[in-house]
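Chemist: Based on what follows, work out the 3D shape:
(one chain, ligands or ions: 1)
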Amino acid sequence: MASETLAPPTAAAGPQPARTAKAVSQSMLREVFGLVAASPGTINLAVGLPAEDLFPTAELAEVSARLLAADRRSLQYGIPYQPLKAQVVDLMARRGVACREEQVFLTSGSQQGMDLLVRLFLEPGGTAMFERVVYDGIQMAVKRLEPRLLLMPTNVHTGLDVDSVAEVLAAEAPPAFLYVITDGHNPLGVSLAPEKRPQLVDLARRHRVPILEDDAYGFLYCEDSPAAPPLRAFDEQWVCYLGTFSKILAPGLRAGWVVVPEELVGPLAALKHSADLDTPSFSHRLISAFIETGALPAHLARVRAEYRRRRDAMLGALERHLAGLATWNHPTAGMFVWVELPAGTDTFQLVRTAITEERVAYSPGDAFAAGGSHARHCMRLAFANHTPEQIDEGVARLARAVARAFS
Ligand SMILES: Cc1ncc(COP(=O)(O)O)c(C=O)c1O
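Modeler: I've put the predicted structure just below:
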């Protein structure tokens, strides 16, 4: 009967995501953020936000008003904004990298750059190589292609274990790419030791494996100058560099770039066009106009000095409150410190009581563990978006939660 065929569909009969879309899950961090939202007053050391108080809002407002008054094309669709490419070439020179405008490709943030490069290199069911503990964004970017993963160990003081990479590359067919965060690793905080950089690039060259170098935090070095240039400085053919304005200006602008061999720019342009029709034109012009004012170097110096102060506050607080209970590394760039508790500790369990009883949150290590639960006893602490006072109070609360778990 007609009435039977028109019966309202059950929830299960509604539109269903594809299996490969369902594979993308961030359940652990979502639960942490849900608990934080329900616990007012929580000091949130979990989330890796850049410092809002350092966004150059007055300068951006001024440049933005000028741009809107003078150039309506800034709100139009458009081809990638050439002047910004020239400015990126200058920025890269400040990272010690020589490149040409023809090798610069503008994106809406490095997450998009990563997604496009993954689509460019990785066949469905192909092989990708990255660290066992790594930024969840790369894990999400590859998941829908259901790759085989070659997962590499990392030393939390010197970075990716290059000897292990060498062993695996000698034994296996070359993966589609190796993804690396050279400086200020997310979540491990570590920067790749200077002597490992040419070794890694040499391996990539010999085995013909493109490196996707994610330099999201490379401009945020804490010392007066970086200890070593990024991998792209050693090779222009096998290193594809991912840069972003998210951490040096503001992530809401959604603007970044990649530097690739110029023959890859065309294929990337086709992929980006299908994703977002070459936007965001407004952000690209706004950033270009901001750089044009000459304000970027002073802004960057301010951000770096403040992040160093906040990092020092976190390392000092860890020493005061957690010595004897945990170990941690000393980041020289970026926004994160990686803390290890005794083996067997369950930091996902602990974060629930840390939030509800002590009003402090962190990211459990396993939120970044690829292919298994091998960072259960670890946590990532983010220091960039908090004052030194908040950091000290947050770590004191954390120490109480940890001490209680062991009592
Ligand atoms: C290592 C790393 N890469 C890329 C991104 C994405 O940044 P964007 O805002 O440029 O997309 C992040 C953001 O946190 C990150 O930590």
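Chemist: Report the contact partners of residue 379.
Modeler: 338, 339, 341, 347, 351, 362, 363, 364, 365 (C-beta atoms under 8 Å, 6 or more residues apart in numbering). Placement of C-beta: from N, CA and C, glycine included.
Chemist: what's the helix or strand for it?
Modeler: Using DSSP states H and E, residue 379 sits within strand 378-382.
Chemist: quick one: which helix or strand includes residue 130?
Modeler: strand 127-131.
Chemist: Which strands and helices lie in contact with that strand?
Modeler: Applying 3 or more C-beta pairs under 8 Å, 6 or more residues apart in numbering; DSSP states H and E, one finds that strand 127-131 contacts strand 148-152, strand 177-181.
Chemist: how about a markdown table for those strands, with mean pLDDT and mean neighbour count added?
Modeler: Formatted as a markdown table, these follow (pLDDT from 0 to 100; neighbours: other C-beta atoms under 10 Å):
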| stretch | mean pLDDT | mean neighbour count |
| --- | --- | --- |
| strand 148-152 | 98 | 17 |
| strand 177-181 | 98 | 27 |
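Chemist: got these as CSV, with distance to the ligand columns?
Modeler: Output for those, formatted as CSV (distance: least, C-beta to the nearest ligand atom, whole Å):
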stretch, distance to the ligand
strand 148-152, 16
strand 177-181, 5
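Chemist: how near is residue 165 to the ligand?
Modeler: 19 Å (C-beta to the nearest ligand atom, to the nearest Å).
Chemist: State the number of residues packed around that residue.
Modeler: By the criterion of other C-beta atoms under 10 Å, residue 165 has 24 neighbours.
Chemist: Next: residue 272.
Modeler: There are 23 residues near residue 272, going by other C-beta under 10 Å.
Chemist: Surely it is in contact with residue 109?
Modeler: No. Using C-beta atoms under 8 Å, residue 272 is not in contact with residue 109, being 11.7 Å away.
Chemist: Spit out the contact partners of the nearest residue to residue 208 once chain neighbours are set aside.
Modeler: With C-beta to C-beta, 6 or more residues apart in numbering as the criterion, residue 208 has its nearest non-adjacent residue at 5.8 Å, and that residue is residue 174. Going by C-beta under 8 Å, 6+ apart, residue 174 touches 207, 208, 209.
Chemist: of these, closest to residue 73?
Modeler: residue 209 (40.5 Å; C-beta to C-beta).
Chemist: what's the spacing between that closest one and the ligand?
Modeler: Residue 209 is 20 Å from the ligand, by C-beta to the nearest ligand atom.
Chemist: returning to that earlier point: can I assume the residue nearest to residue 208 sits in a helix?
Modeler: No. Per DSSP: H, G, I helix; E, B strand; the rest coil, residue 174 lies outside any helix segment and is coil.
Chemist: Distance-wise, check it relative to residue 151.
Modeler: 16 Å (C-beta to C-beta, to the nearest Å).
Chemist: about what we covered before: which two of the contacts of residue 379 have the greatest separation?
Modeler: Distances among these were taken as C-beta to C-beta; the most separated pair is 338 and 351, at 15.1 Å.
Chemist: how many degrees apart are the helix ranked longest in the chain and strand 378-382 in direction?
Modeler: When the chain is parsed with DSSP state H, its longest helix is helix 296-322. Between the axes of helix 296-322 and strand 378-382, defined by axes from the mean of the first three to the mean of the last three C-alpha atoms, to 10 degrees, the angle is 140 degrees.
Chemist: So which elements touch helix 296-322?
Modeler: Against helix 296-322 (3+ C-beta pairs under 8 Å, 6+ apart) you get strand 327-328, strand 336-340, helix 388-406.
Chemist: Those into CSV, with extra columns for mean neighbour count?
Modeler: Formatted as CSV, the helices and strands packed on helix 296-322 follow (neighbours: other C-beta atoms under 10 Å):
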stretch, mean neighbour count
strand 327-328, 17
strand 336-340, 24
helix 388-406, 18
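Chemist: Could I get the full set of helices for the chain?
Modeler: 2-5, 19-22, 27-37, 57-70, 82-94, 110-121, 136-143, 162-171, 196-207, 265-276, 281-292, 296-322, 347-358, 388-406.
Chemist: Which secondary structure elements does the last one sit against?
Modeler: Which is helix 388-406. Using 3+ C-beta pairs under 8 Å, 6+ apart, helix 388-406 is in contact with strand 43-44, helix 296-322, helix 347-358, strand 360-361.
Chemist: Get me the contact residues on the stretch 201-350 of the chain for the ligand.
Modeler: 214, 216, 244, 246, 251, 256 (C-beta under 6 Å from any ligand atom).
Chemist: I'd like the list of those that fall within strands, please.
Modeler: 214, 244, 256 (DSSP state E).
Chemist: Next up, the contacts around the residue nearest to residue 212 when sequence neighbours are not counted.
Modeler: Leaving aside its sequence neighbours, residue 212 sits nearest to residue 179 (C-beta to C-beta, 6+ apart; 4.5 Å). By C-beta under 8 Å, 6+ apart, residue 179 lies in contact with 114, 128, 129, 130, 134, 138, 211, 212, 214.
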